[in-house]
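K.L.:
next input, structure requested:
(chains A, B, C and D, ligands or ions: 4)
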Amino acid sequence: MNSEFGLREFSIKYGFLVLLAGLVLFFSIFASGFAGARSAVFIFQSVAITGILALGVTCTLVVDGFDLSIGSVATSSLMMSAYMLVILEQSAFVAIIACLLMGAFVGLVNGLLIVKMKVPDLLATLGMMFLLIGLQRVPTEGRSIATGMRLPSGEVADGVFPASFLWIGRHRFDVFLEKLIPVPVIIFLVVALIIWIFLELTRHGRLMYAIGSNERAASLAGTNVNYYKILAYVISGITASIGGLLLSARLGRGDIASGNNLLLDSVAAALIGFAVLGAAKPNALGTAIGALFVGVLLHGLTMMNAPYYTQDFVKGGVLVIALVFTFALTSRSRKGGH
Amino acid sequence: MNSEFGLREFSIKYGFLVLLAGLVLFFSIFASGFAGARSAVFIFQSVAITGILALGVTCTLVVDGFDLSIGSVATSSLMMSAYMLVILEQSAFVAIIACLLMGAFVGLVNGLLIVKMKVPDLLATLGMMFLLIGLQRVPTEGRSIATGMRLPSGEVADGVFPASFLWIGRHRFDVFLEKLIPVPVIIFLVVALIIWIFLELTRHGRLMYAIGSNERAASLAGTNVNYYKILAYVISGITASIGGLLLSARLGRGDIASGNNLLLDSVAAALIGFAVLGAAKPNALGTAIGALFVGVLLHGLTMMNAPYYTQDFVKGGVLVIALVFTFALTSRSRKGGH
Amino acid sequence: MKKLACEIRGLEKAFGPNKVLRKIDLDLFPGEVTVLMGANGAGKSTLVKILCGVHKSDGGSINLFGKLFRPKKPVDAFNEGVVTVHQSINDGVVPDLDVASNLMLDRLTDKKSGFFVSEKNLRIESEKIAEIMGLSFDSKKPVSELGVADRQLIAIARAMARNPKVLILDEPTSSLSAKEADRLFKLLDRLRSTNVAILYISHRMSDIRQIADKIICMRDGSISGTFDEKPLDYEGAVTAMIGHKMTEVNFKISEKGREILKLSSLKLDGDSADINLKIHQNEVVAITGLLGSGKTQLASILFGVMKQFSGSIFLNGNKYSPSNPMEAINLGVHMSPKDRSSNAVIKDFDIEKNLTVPFLNNYSWLSLLKFKGLKNVAKETINDLGIVCQSENDEIETLSGGNQQKVVVGRWLLRPCSLLVLDEPFQGVDIKARRDIGNYIRETSINRATIVFVAELDEALEIADRVLVMNEKKIVGEHKNKNVDINQILVEIAGQSTFSELSR
Amino acid sequence: AGMPAPLDDPGKVKIALVRFLSTGDFFQAYLGGVESQAQAIGVDLRVFDSRQDAALQADMVDQAIALGVDGIIIQHGLTESMKDAAQRAVEAGIKVVAFDVNVENPAIPQVEQSDYMLGKLALEQAIKDNGNSFKAGYVYVPGIAPLDRRDKAWQEVKAANPGIDEVAVFGTLDNPIANSNANQARSVLQANSDITVMFAPYDEFAKGVKLAVDEAGLTDQIDIYSADVSTADISLMREPGSSWAATVATNPAVVGEVCVRSLAIMLTGGNPGRSVIVPPTLITQSFLNEQDIKNMEDLGSKMPQFQHADVAMTDWMPLPKR
Ligand SMILES: Nc1ncnc2c1ncn2[C@@H]1O[C@H](COP(=O)(O)OP(=O)(O)OP(=O)(O)O)[C@@H](O)[C@H]1O
Ligand SMILES: Nc1ncnc2c1ncn2[C@@H]1O[C@H](COP(=O)(O)OP(=O)(O)OP(=O)(O)O)[C@@H](O)[C@H]1O
Ligand SMILES: [Mg+2]
Ligand SMILES: [Mg+2]
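P.N.:
Ligands and ions are numbered 1, 2, ... in the order given. Predicted structure coming up:
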């Protein structure tokens, strides 16, 4: 009985990580070129943007909210940075600050709608999503932004993406190997670390979890519930705008995109995070690992030349199986718990 | 003081409908061709499929769940019906039954994952969504299905969409005017009526609301919580597959790229429904009106020649404003109540 | 020999390594009220949950009217005529539905009630049920707009209307005041006369005195005493329950310090009378009164949860008008709210996190939490209050109700304050724990003022230096807790002018 | 002025553009072409956007019929869903042209940018540059009509040149498309570092592949051949040492103009022909560099066949101002 208990505990806690390790092993054997530093770094790079967005989602999930607008905040930030650089010919610094402010502002509005106007979170952020998808296309009448484009006024836009801006999306640091680690990966890891520290080690994070579990009780314990809820959406807005900036710097242009896939993928990463270390709740470490998990899966499958549709299929399948595993086990061991 | 209260009550209850009426009036005056029976039918037609899906979502919202898989169930049903008709050369009847069963089955699996395996609803249905997006492309290796297509095996598919099948998507009944009301609109209205009756007038609906409000209390009062939760997902799966069938019959082709926006649009409709008649909770009437609201808005804007991106913008804006209105007012009048 | 209604033999239940029920034998007879007493965490609610099909037992058997009874789901129990009112009030009602649907909830689950709901019948039937308990609220009102007491009444009314053969009530009066409790007892008398077997769980001696035909005591998961000889030996029962003799409360009224709180012409509502009140350092003041007399409202105003209608409050001589609990705490006012499961317990947190949540900034440096300090202070509090648990990292939901209550009261004793407000701090707490908490509150009461809102007069007399009586949102009586005239207080509570009107 | 009836009366004639796709530069430029040509002719233009809802698009045709327009341009869509609607329009006496969708109706001329030719020309250039024996990666998402037509060219070229070794097929339409495809291409390059040619017959694909090639440090080794062009594409192709070797494109604005002109011819009783093909143009990196072309306008001025297609022209036809 005890050993069975031990096994279950182990599965809950490490089952997902074992699965991840198994996947890595599988691909290392069957996909030539999968194993290796550059490949590993690339996986990180491929999930950096979704991962950063997912970390923001995690913060809103912690306060029992949900942010559907992140995808469109990211693409708005992408368009806005391009607009600032190419059309308004601002410096990289100004563009970055403006985008971060925009993200924070959208988060603030989301938060105020939810907290002050009592609009349910899904609704407020869905409305915001549509709003932004439309808004980001207004200045250029639905055109992508690139150097040399002709503006509606007839002028030609002369601004360029300066090297300093592209650097944040493209530069690679030499670590052991030449040009190994790209800036977005560093940013991803730093954001993950900050959010992890914030949620796990500071009193603010603790209070946000309290709000997510019982908002009234938290409020009656003196927590400024409104402040923290708004804060969660502001964080989510800022991380989404960081994601958009990285996208912009990687692409080097302001692409028209809806951001729906960014939304879905980052939500998936945040939700998969529930299964990591048996947390069964939103958590930053889990989110980062969830994002990596999807990255490993997609990278491995692509390397094995699996057609694109099998990737969604396998992604869904593994997601469901991994989570059934974790949640069925967790809930069984807790069954008495209500 | 009393009259102010009366005004607020009125705004909560009818504010949204007044807004809708205002919109209709506005467009009737300023958008030539907006007013008229055919135009009205067109609006119904344009929201019929989203509306049907939204009604299913409503059922899952009622039991405090959420179904992210509906869009992919609908496209799976679209592809499956095409596959049955064109490649397997089955009759319309068989294809319809098969799709409905598929929808019910997916709903059942969603429900079991959530109820038995304790996987959180968003997660379970997100996994299912990815799974289906992949799965629906496997049989044809990602190609659309149309009569005369070459199969992976090299053969040519000879089956056709029979007239009886196309009828459900395309036939129009003569009502006052010739060929006025299309079958999908009738189906939408019938589904709306059934779900409304089910949720509002039967004890099953009442119990589902009870579950959504306090699952434990409902369970302790003898409600078979698991049964009703699964039922909600099954209903959602079936309505989604009906939506897919209608899409299929309207398109006359298993088009792989169609149905991308179904999920978000139907969620939007269901959520807007919260604001109708001050319900502040998921409800079938509200959902149907929510769907119509979006239809009126988009149609009106189109008639006024607004570019496509302004439509998203206006949709989002009106959504946010309408909902702020309702929820801010509702919550204020209830403030004492905790 | 009377026929047995329910015969429990050798019932066992464990949660993981924690053995909660150890071979329980218990008989329930028709037409008899069996009171089950037991300290917090003794396993009473667990026993109830097995009887009503929420938990499965690990061993032993239950016979119901001679037939083996093994409910798997709550419906199974209903179908056999076993009806339960659960301890947690929130488990009894569905807030988003209206009163009528809530009263009829269990009927709606019945297949026989037809496919469609007839709104008219629902109302007629529900009004009948409401009538039984003398409930008077609008049947169309959503339950979310009602307070805990009303919710508890709804849950009780529903159970009563179900024609139970075995009725189980797990602390049904925890949120009720004397008036409602009396109504409940009258009903129980009626049920008793129709041969219903009743299992009644309570920590309130006044309830037990009024209703018990037989007392069974539980301690640490076993039966520790059965008392069925009239007159019932209440003292013996308490001893059997806690394992040793209970000492009388005996305290001396402390020396008043400077004035801390002053209410001047405070009106709770537009139509209520002024409240004028002074409360001093070192003083413990109990405010008692009927349900809806305005206690919680006053507590909420003191903690910045709501605003008074008019008048002003002074704290330490300064005008005090907090706009939210955070401000109140910063100004040195702590409040433990009533209804712990909605207002105090943070479900996802363990004991340590639940205890420390209001004062995290005292245990952090640059916002970073000092985990060691948190752990130590949690351990201390667990010790001081005698919270029964495996460790400070137990999930709060695995604690018994009374121990949860200790945690949520204990959190406000973690740091010194100038005014401590406790709204029903003894809700669901056993007599020993009540003394523990009471003593602890009194021990620490120096240097602050303490106000305790309780509906039970016993509890007020046990803890307070001064007892105030509230009725219809005004203070109608004030008594030093020394040789008090209980009858006078009861009159004031009920709001009658003379004692004779009160006698029933 | 000088136009035959009914176009001689400006503002009297009303036409509708019923769109299936609208998001993105191609469609925005196309709309620009339609608008400017409509203005040049002096007709009133209504735009219906179905936002990729094929069923809605069919309804919009009915909507246009109900509005009493004189002509309809159907832009993209599905044969199956548009066939009946188009027939109804024809029956209502409305002149219809279809762009890039076959509505199987003899009364409806079909304007095409010939996706097949786009693919074909790009591949011919690839073979010219790299010989007929190389390892190739191919970006393809089936089920999208223009990509399926371009795929046909790839299948033919592959069959005709057994030396071409298709080592990887990948591609996705996940948003933002360039970013998602860059990720996939990176994985493919990781697995097949010996690829020398990438065929990415859609400029968003090509952009993604180029990013991946640059990030993988394989810029010198790999050549990318694609279809479509935009200002941003031009600057990417012109980056020093860019791996994006050539693209084949029609000018979407020109295609838009041709659609309107074809409709105008029909409205005046003429016949633009059953099939109106706007010929694609090969644009190579070296051409762009030699001519110092920075944007679409430069491209148009340096490459007259890109600026204006001499199809669907009559002697009276006014052209938009350049
Ligand atoms: N779901 C559960 N999981 C784990 N332990 C539990 C669970 N429910 C109860 N327990 C434990 O079982 C013991 C008995 O709890 P129970 O709720 O039956 O006590 P009680 O006698 O009703 O106390 P109270 O008077 O405080 O309500 C406690 O130690 C409690 O911690
Ligand atoms: N936030 C509020 N807004 C408006 N009225 C309120 C509010 N809270 C309480 N009331 C009303 O004020 C009256 C007093 O309620 P209160 O809860 O303070 O009574 P109480 O004496 O504490 O009773 P209980 O034993 O239920 O706690 C009740 O009629 C209640 O409906
Ligand atoms: Mg208990
Ligand atoms: Mg109270």
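
K.L.:
mind checking if stretch D:158-168 is in reach of chain B?
P.N.:
No: Stretch D:158-168 is not in contact with chain B by Cβ under 8 Å from any Cβ of the partner chain; minimum separation 14.0 Å. Heads up, the C-betas are built off the backbone N, CA and C, glycines and all.

K.L.:
spit out the contact partners of C:Lys23.
P.N.:
C:10-12, C:60, C:222 (Cβ atoms under 8 Å, 6 or more residues apart in numbering or on different chains).

K.L.:
can you give me the buried ones in the longest helix that chain A contains?
P.N.:
Determined from DSSP state H, the single longest helix within chain A is helix A:2-30. Neighbour counts over helix A:2-30 (16 or more other Cβ atoms under 10 Å in any protein chain shown) mark A:11-13, A:15-16, A:19-20, A:24, A:27 as buried.

K.L.:
remind me which residues of the chain are low pLDDT?
P.N.:
Since you didn't name a chain, this refers to chain A. For chain A, applying pLDDT under 70 flags the ranges A:1-5, A:330-338.

K.L.:
actually chain D
P.N.:
Ranges of chain D meeting pLDDT under 70: D:1, D:322.

K.L.:
which residues of it fall in strands?
P.N.:
D:14-19, D:44-49, D:71-75, D:95-99, D:110-112, D:134-139, D:164-170, D:197-200, D:223-227, D:244-249, D:275-277, D:281-284 (DSSP state E).

K.L.:
okay if I get those as CSV plus mean neighbour count?
P.N.:
Converted to CSV, the strands of chain D look like this (neighbours: other Cβ atoms under 10 Å in any protein chain shown):
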stretch, mean neighbour count
strand D:14-19, 25
strand D:44-49, 22
strand D:71-75, 27
strand D:95-99, 26
strand D:110-112, 23
strand D:134-139, 23
strand D:164-170, 19
strand D:197-200, 28
strand D:223-227, 28
strand D:244-249, 26
strand D:275-277, 16
strand D:281-284, 20
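
K.L.:
the contacts of C:Lys23, buried ones only, as a PyMOL selection?
P.N.:
Applying 16+ other Cβ under 10 Å to the contacts of C:Lys23, the buried members can be selected in PyMOL as follows:
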select buried, chain C and resi 11+12+60+222
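
K.L.:
and residue 247, what does it touch?
P.N.:
Picked chain A for this. Neighbours of A:Leu247 in contact, by Cβ under 8 Å, 6+ apart: A:49, A:74-75, A:77-78, A:169, D:176, D:179.

K.L.:
not quite, I wanted chain D
P.N.:
D:Thr247 touches D:122, D:203, D:206, D:225-229, D:233, D:237, D:283, counting by Cβ under 8 Å, 6+ apart.

K.L.:
bridging residues for D:Ala276?
P.N.:
To be clear, residue D:276 is Val; Ala isn't right here. Residues in a beta bridge with D:Val276, per DSSP bridges, are D:Val111.

K.L.:
so it makes contact with D:Val258?
P.N.:
Yes: assessed by Cβ atoms under 8 Å, D:Val276 is found in contact with D:Val258 at 6.2 Å.

K.L.:
quick check: neighbours shared by the two?
P.N.:
Shared contacts of D:Val276 and D:Val258, counting by Cβ under 8 Å, 6+ apart, come down to D:111, D:311-312.

K.L.:
okay if I get the residues you listed as CSV plus distance to C:Asn439?
P.N.:
CSV is the format used below for those (distance: Cβ to Cβ, whole Å):
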residue, distance to C:Asn439
D:Val111, 92
D:Val311, 98
D:Ala312, 98
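
K.L.:
with the residues you listed in mind, which one is nearest to A:Ile87?
P.N.:
The shortest approach to A:Ile87 among these belongs to D:Val111, at 32.8 Å (Cβ to Cβ).

K.L.:
pull the most distant pair out of the contacts of A:Leu247.
P.N.:
Spatially, the most separated pair among these is A:Thr75 and A:Gly169, at 15.0 Å (Cβ to Cβ).
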